[in-house]
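Student: next input, structure requested:
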Amino acid sequence: MCTCEIRSHIEGMKSSYAQTVLVGWAVSLKKREIEARVTCRNQSVRELRVEWTERPDILSAFFGVQEQALSGFRISFPSSPEETYRLVFSVKGDKGQRQVYVIQGDRAEPAGMEGVKERLKKSVKKLLG
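Tutor: The predicted structure is shown next:
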């Protein structure tokens, strides 16, 4: 399990030849502000749009309270199906606390060990029916 204080999930993704849009949520378990950025070839993606929205359902699930806080996101950026992108959620002021997704074509998967764990779960479920 991720030892990071950030939890996130991409609920939906739409990728066309020139644009990718991601929708989901991200929270800090210590209730700190989250930042999102997208990179390609170690360069920040230009024209990145990050819109944060209130998601009281997510805050209730993690903290047991119905608070008004920005935990939902809609991220859009110009993209190419041949490129690989990295979506990085980090705690504002603490770049060591982060969660990363690898985005390629119409797929977005957690990077690192979390990504391997998720792929293994999917493979086992597929094998077992």
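
Student: name the helix or strand of the protein that has the lowest mean pLDDT.
Tutor: For the chain, counting by mean pLDDT, DSSP states H and E, helix 112-128 ranks last in confidence among helices and strands (a mean of 63).

Student: shaky segments in this protein?
Tutor: For the chain, the stretches flagged by pLDDT under 70 are 1-3, 113-124, 126, 129.

Student: ok, 90 please
Tutor: Per-residue confidence for the chain (pLDDT under 90) gives these ranges: 1-5, 15-17, 29-31, 59-70, 81, 92-98, 105-106, 111-129.

Student: which stretches in it count as strands?
Tutor: Under the criterion DSSP state E, the chain contains strands at 6-15, 19-28, 34-40, 43-44, 49-54, 70-78, 84-91, 94-104, 107-110.

Student: what lines up beside the longest one in the sheet?
Tutor: Think strand 94-104. Sheet neighbours of strand 94-104, with direction, are listed as strand 84-91 (antiparallel), strand 107-110 (antiparallel) (DSSP bridges).

Student: same question for the shortest one.
Tutor: The sheet places strand 43-44 alongside strand 34-40 (antiparallel), with pairing taken from DSSP bridges.
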